[in-house]
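Peer 1: predicted coordinates and the sequence they were generated for:
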Amino acid sequence: MKIKVDDLSGPEVAALLSEHLQSMALHSPPESIHALDLEALRRPEITFWSVWEGEELVGCGALKELDSQHGEIKSMRTSSTHLRKGVANRLLLHIIEEAKRRGYKRLSLETGSMAAFEPARRLYTTLGFRYCAPFSDYTEDPNSMFMTKEL
């Protein structure tokens, strides 16, 4: 697997992010969807990575700088044809290392509270994330769960 900073211009990335947004719409009410579209992911405070296996896109994820010591994981997605192959684990470890390299003291995320998000929550817990109160601009929402990791 190769992880690279991506400029979000490729059709493969657009298709995977479309799949991501469709999945969010399937499992979450509109007011509880915090996934970012292509344009939002191009903001300067966000770094986006794509994960490739040869010529095939297998996953993606992003890191948003909230402030000089706090980052947020965004848009973590594994292609539906590559689930349970370690893509998300490898990318998450990459993002954690990048957050440490940047000097962040904390890394946080928002994910769904529904059963469909249980595999993601297990992965985050395995890598040291713990449940927390809403952070940044988030508010309490029964459809959201918030997690953080001290670095």
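Peer 2: That came through fine. Numbers count the residues shown, from 1 in each chain.
Peer 1: would you list the phi and psi of residue 121?
Peer 2: Residue 121 has phi and psi values of phi -60, psi -40 when expressed as degrees, to the nearest 10.
Peer 1: same deal with residue 8?
Peer 2: phi 60, psi 30.
Peer 1: residues contacting it?
Peer 2: By C-beta atoms under 8 Å, 6 or more residues apart in numbering, the contact set of residue 8 is 14, 17, 38, 41, 42, 48. C-beta coordinates here come from the backbone N, C-alpha and C atoms, glycine included.
Peer 1: show me the strands in the protein, by range?
Peer 2: In the chain, the strands defined using DSSP state E lie at 2-5, 46-53, 56-67, 70-78, 106-112, 130-132, 144-150.
Peer 1: residue ranges with poor pLDDT in the protein?
Peer 2: Applying pLDDT under 70 to the chain flags the ranges 24-26, 30.
Peer 1: longest helix in it, by number of residues?
Peer 2: helix 11-27 (DSSP state H).
Peer 1: the inter-axis angle of it versus strand 56-67?
Peer 2: In terms of direction (axes from the mean of the first three to the mean of the last three C-alpha atoms, to 10 degrees), helix 11-27 departs from strand 56-67 by 70 degrees.
Peer 1: so which elements touch helix 11-27?
Peer 2: Where contact means 3 or more C-beta pairs under 8 Å, 6 or more residues apart in numbering; DSSP states H and E, helix 11-27 is packed against helix 38-41, strand 56-67, strand 70-78.
Peer 1: for the strands of the chain, which one sits closest to residue 118?
Peer 2: strand 106-112 (9.2 Å; C-beta to C-beta).
Peer 1: which helices and strands sit right next to the closest one?
Peer 2: Checked by 3+ C-beta pairs under 8 Å, 6+ apart, strand 106-112 has strand 70-78, helix 87-101, helix 118-126, strand 144-150 packed alongside it.
Peer 1: still on that earlier bit, of the contacts of residue 8, which is the most crowded?
Peer 2: Tallying neighbours with other C-beta atoms under 10 Å puts residue 48 at the head of the contacts of residue 8, with 23 neighbours.
Peer 1: could you report the neighbour count for the closest residue to it other than its chain neighbours?
Peer 2: Setting aside the residues directly before and after it, residue 48 is nearest to residue 62 in space (C-beta to C-beta, 6 or more residues apart in numbering), at 4.5 Å. By the criterion of other C-beta under 10 Å, residue 62 has 22 neighbours.
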